[in-house]
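Peer 1: Got a sequence here, can you model it:
(2 chains, ligands or ions: 2)
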Amino acid sequence: MRAFSYEKVADPAAAAARAAEVEGAKFLAGGTNLLDLMKLEIETPVHLIDVNGLGLDEVTETEDGGLRIGTLVTNTALSADERVRRDYPVLTRAIAAGASGQLRNKATTGGNLLQRTRCPYFYDTAMPCNKREPGSGCGALTEGAFSRQLGVIGTSDNCIATHPSDMAVAMRVLDATVETVTPNGMTRRIPLEEFHLLPGDTPQEENALMPGELITHVTLPAPVGGTQKYHKARDRASYAFALVSVALIRQPDGSGRVALGGVAPKPWRSDEADAELPNGARAVMAHLLEGARPTEENAFKITLAERALAAMLAEE
Amino acid sequence: MQFNEPAGQNLFDNATIVGRPTHRTDGPLKVTGTAPYAYERHDVVEGQLYGYPVAAGISHGRITSMDAEAARNAPGVHAVVTTLDIEPLGIWDYNVARLFGGDEIQHYHQAIAVVVADSFEEARAAASLIEVEYAPGDPADYDLDAAFERFEGTGEPSTMVGNVEGALENAAAVVDEMYHTPSESHQMMEPFASIVDWSDGEDMTVWTSNQMIEWNRQALATNFGIDPDRIRVESPYIGGGFGGKLWLRCDAVLAAIGSREVGRPVRLAMPRPMMMNNATHRSATVQRIRLAAGEDGKLTGIWHDAASHSLPGGRGENATAQTPYFYGAESLRVQHHIVEMPLPEASDMRAPGEASGLMALEVAMDELAEALDMDPVQLRIVNDTQVNPSNPDQAFSERHFVECLERGAEAFGWADRNTTPGGMREGQWLIGHGMAGAYRGAPTLPSGATVRLSGGRLIVETDMTDIGTGSYTIIGQTAAECLGLPLDAVEVRLGNSAYPVSSGSGGQFGAASSTAGVYAACVGLRQQIAGQLGVEDPEFREGRVVSGDTDVALADLEGELEATDTMQWGDFKQDYVLATFGAHFVEVGVHVGTGEIRVRRMVAAADAGRILNPITARSQVIGGMTMAVGAALSEEMALDTGRGMFANHDLAGYEVAVHADIPEQEVIFLDTLDGISTPLKAKGVGELGICGVAAAVANAVYNATGVRVREYPVTLDKLLGGLPEV
Ligand SMILES: Cc1cc2nc3c(=O)[nH]c(=O)nc-3n(C[C@H](O)[C@H](O)[C@H](O)COP(=O)(O)OP(=O)(O)OC[C@H]3O[C@@H](n4cnc5c(N)ncnc54)[C@H](O)[C@@H]3O)c2cc1C
Ligand code: SF4
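Peer 2: Ligands and ions are numbered 1, 2, ... in the order given. Predicted coordinates:
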């Protein structure tokens, strides 16, 4: 870990302004991802701006019947919120499937969206990694490399990492929107769909935030009802990142929405695939995973995604 | 004391303390966080500094240059010693990887520098400033399958009995399959950690976390070329080892080098991401097993070939270890090939050999049972033997394998199992049942102790270690039993080179050997007491010495009495095979859609001689079973074959079983005694618990799905192709 300075600020706008002002600054929320990465010198901020205590820790109702979630609402609090459990059960299920109780107590809403990949080569600073060290090459794409956990779609020749969040997959299927404050004090709304970027030639650029921009809230539109499920397939029963996860909202008429985790650099969903839901899992995946480029080691994720969804559909 | 003949009737046959379920005497220290583990021993010596290691970024080759200038100038730094600054250290007898010194890189994450600083954070920050240039070695071949094919049929079998080829030709049923187990990492909770004071470059004191105090001392002496008598080692509490801490590792070596350099004590812990590639691991294995049997299920032949990897000169993982002994086949052919690869040192991990070997052999037996249309329990029963199949003149000291099978089957309800693979379903879960046999040798090593009695209180000192196993407790129980004292009148001091050399902890020899050593010392003490009172063969009970008219409280004896002895093992034991046996029964659920596997129920029956303490013994067995669930379903050191390194080198990537993976576990101990083994008629149990379990899980998965996986870990991707349509 490199030496860094630390400050607390008065309000969200000040946080954003300061972050833009100090080069190499980062926000500190729960710290469950950032501090780990700093210890390994994968992240090397010179200045931390602590956003705890800025009053962004409440879930309130919006005028159009949705929910507005402060960025500092913890994963534990969000998943346990009565309104979330009742109206957005897929979100409760997804969050509860992630990490561990201790981590969820610290993990925040914004921090969760911004957590970084779990690619093993990203984590080993002796290895090449375009995301960590642009231009050094992708450690996971060389002959004999270990890629079982990594992405099968939306990836590029420069990076095949996945975004590891469970919460984000549920938020994607719920059409969430990220609300921010920019360094010049403006509020910006970014649909979650557009929030995470695909790697292309610049895997180090992971999201649509501008330098210094602070997430203040995530909003959920009014509840859509239906049966809501989250299946996280993994090698052990708990405390493991998803091989594949499926968030499903299904209406009584058979229509609905599907988003996948564990397969792509962002929660993976498409309108075309949603439209196929009445036709079953195979039809959905034919669209959703069309053009997938798995490695030999992770090709099973394509079958797994389809079978997981089929099982979820068959369960009712 | 010399153990020269089988133990007859003795005091342990009427024991009231040995054999009694007793909670760990060190439990309160552990749950209150006051047990002194190596890295937290702030109070043992003044002026401690922090060390931090630097690890090599290539798998093999040479270092051409290192620039530590920036690190030396970093805040708080006292010294940096790089591997280029010193001559290659010596390599101790049982190891093959060099721990430090010189420019050669033998494996990924080999230690190449140590930074010593005022704080941990400063040492770590400075460590990352060191620039290293390498000349990588030629690309290496990491293909163990290809190596197996090359080696198969070459060299001399280690066991060759009868005509296996003929047996295979004439058999009613044959199995001939390839099996794979991956490399596995010990990943105990407490990392390798040491504080070393070698300030004057003369006498060295080491506070460490190590299973084998005397080996540790000898290894330090060899590494640094100094007299072992100048080295003192303390390791009273150890947060797990599983064989990883049998050896001196770079934590102590770097702390010593740092301490000598700066003239102050240095503490150093190996960072978790470095543990997998720096320390030892269990090698992957490739195994071909051929079984031949008659219609009655009797094995006419077992042919077991295996290969594992190692650095030159190492032992690898001999997966054939159990095969010459376990089943009574008419013909046997067994051979293990060691394939040299520039990977981290492959060495012992809990039940080395048997753990991997039974993962394959016990699946092969399941396949044979199916080929014969026979109950797999019955198949094992008909192949039981009371003599060593590869040397029929040698009997087993005690062998109650059949009883394990029967008792386990009964407790599990084996008779009601699913008998049609893929035929049992609950909602979206396919249910399967599987079983396997377990075998693990029961060695003993010489083991010494000192006992001191004063004012009715007894102190036991031995360099035996407690690696979470319960040594403190069973040693206390043994001494209390011998002297007729209550357990709380005995203080047990372990893990210190100032005490007599013991067996140490490993190879499941620790409990059996060290309690025998304590017994030897106690016998000496009893004789002294009898001498002082002028009586013969008194009884020791309820804190008193009783003989004829004499009835004296131990508390009233004069002065301090002390006895030291070492239990030595007579040659007569070699006329027997000493081993422990078990049977495992497992129920799994496999998700019909995703192939996710969840263990639902486990029953084990174990035959391991006298159970010294049913609570600590049970903990050992369920711990082994838990570890084996990891081995069966998720643990795999993922080898990057392009780079020669294990890529998933942290606990997020290397998935051991967690609480949610472990269901109800039932352990049945047979009430057996083995007088050939030790005076306490005890054998080890800590490694038996991991043996065979993974195969029982794999067999249950087959039973649930009809998909036979012969490549561990049994992960869902290996099932998907064979699961029914959803
Ligand atoms: C062992 C382990 C297992 C885990 N398993 C899972 C799992 O199974 N599923 C899962 O989904 N997650 C898992 N996680 C990840 C966990 O969910 C994240 O670490 C957590 O959500 C991050 O939140 P945080 O508040 O601690 O973020 P921090 O670590 O504080 O921050 C993360 C990043 O977000 C930035 N940031 C934080 N808040 C803001 C803001 N308001 N605006 C702009 N930038 C911001 C920080 O600067 C930093 O770059 C696991 C983590 C660990 C350590
Ligand atoms: S997949 Fe992405 S994160 Fe992983 S090594 Fe390649 S570039 Fe880095």
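
Peer 1: give me the number of residues near the residue of chain B found nearest chain A?
Peer 2: At 2.6 Å from chain A, B:Gly593 is the closest residue in chain B, using Cβ to the nearest Cβ. In short, each C-beta sits where N, CA and C put it, glycine included. Look at B:Gly593: counted by other Cβ atoms under 10 Å in any protein chain shown, it has 29 neighbours.

Peer 1: same thing with A:Leu192?
Peer 2: As a burial measure, A:Leu192 scores 24 neighbours (other Cβ under 10 Å).

Peer 1: my read: it touches A:Val173, true?
Peer 2: No. Assessed by Cβ atoms under 8 Å, A:Leu192 is found out of contact with A:Val173, at 9.7 Å.

Peer 1: overlap in contacts of those two?
Peer 2: Residues within reach of A:Leu192 and of A:Val173 at once, by Cβ atoms under 8 Å, 6 or more residues apart in numbering or on different chains, are A:Pro267.

Peer 1: before we move on, the earlier item: leaving out the residues flanking it, which one is nearest to the residue of chain B closest to chain A?
Peer 2: Leaving aside its sequence neighbours, B:Gly593 sits nearest to A:Ala311 (Cβ to Cβ, 6 or more residues apart in numbering or on different chains; 2.6 Å).

Peer 1: Equivalent analysis for B:Tyr39, please.
Peer 2: Nearest non-adjacent residue to B:Tyr39 (Cβ to Cβ, 6+ apart): B:Ala193, at 4.0 Å.

Peer 1: Could I get the phi/psi values of the one you found?
Peer 2: phi -150, psi 140 (degrees, to the nearest 10).

Peer 1: Touching, it and B:Val266? I think so.
Peer 2: No. B:Ala193 is beyond contact range of B:Val266, at 11.7 Å (criterion: Cβ under 8 Å).

Peer 1: which of these two has more neighbours?
Peer 2: Between B:Ala193 and B:Val266, counting by other Cβ under 10 Å, B:Val266 is the more crowded of the two (30 against 24).

Peer 1: Distance from the chain centre to the longest helix anywhere in chain A, please.
Peer 2: Across chain A, the longest stretch assigned as helix under DSSP state H is helix A:300-314. Distance of helix A:300-314 from its chain centroid, counting by Cα atoms, centre = their mean, to the nearest Å, is 21 Å.

Peer 1: Can you pull the phi and psi angles for the closest residue to A:Cys159 other than its chain neighbours?
Peer 2: Take A:Cys159 and drop its neighbours on the chain: the residue closest to it by Cβ to Cβ, 6+ apart is A:Pro203, 3.4 Å away. The phi and psi values for A:Pro203, taken as degrees, to the nearest 10, are phi -60, psi -10.

Peer 1: residues in contact with A:Pro203?
Peer 2: A:130-131, A:134, A:138, A:156, A:158-159, A:161, A:265.

Peer 1: circling back: check what pLDDT the residue nearest to B:Tyr39 gets.
Peer 2: At B:Ala193, the model reports a pLDDT of 98.

Peer 1: Tell me how far it lies from B:Pro273.
Peer 2: Here B:Ala193 is placed at a distance of 15 Å from B:Pro273 (Cβ to Cβ, to the nearest Å).

Peer 1: Also A:Lys301?
Peer 2: To B:Pro273, A:Lys301 is 26 Å away according to Cβ to Cβ.

Peer 1: For the stretch 1-150 of chain A, which residues are neighbours of ligand 1?
Peer 2: Proximity of the stretch 1-150 of chain A to ligand 1 is confined to A:26-34, A:36, A:51, A:71, A:98-99, A:103, A:106-108, A:110-112, A:114-115 under the rule Cβ under 6 Å from any ligand atom.

Peer 1: Where helices are concerned, which of those residues count?
Peer 2: Reading helices off these with DSSP H, I get A:34, A:36, A:103, A:106, A:110-112.

Peer 1: Now render the residues you listed as a markdown table, adding pLDDT and distance to chain B.
Peer 2: Shown next, in a markdown table, are these (pLDDT from 0 to 100; distance: Cβ to the nearest Cβ, whole Å):
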| residue | pLDDT | distance to chain B |
| --- | --- | --- |
| A:Leu34 | 98 | 16 |
| A:Asp36 | 97 | 10 |
| A:Leu103 | 98 | 11 |
| A:Lys106 | 98 | 16 |
| A:Gly110 | 98 | 22 |
| A:Gly111 | 98 | 17 |
| A:Asn112 | 98 | 16 |
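
Peer 1: ok, of those, which one's closest to ligand 1?
Peer 2: Distance to ligand 1, by Cβ to the nearest ligand atom, is smallest for A:Gly111 among those, at 2.2 Å.

Peer 1: Report pLDDT for the closest residue to that closest one other than its chain neighbours.
Peer 2: Sequence neighbours aside, A:Ala29 is the residue nearest to A:Gly111 in space, at 4.0 Å (criterion: Cβ to Cβ, 6+ apart). With respect to pLDDT, A:Ala29 has a value of 98.
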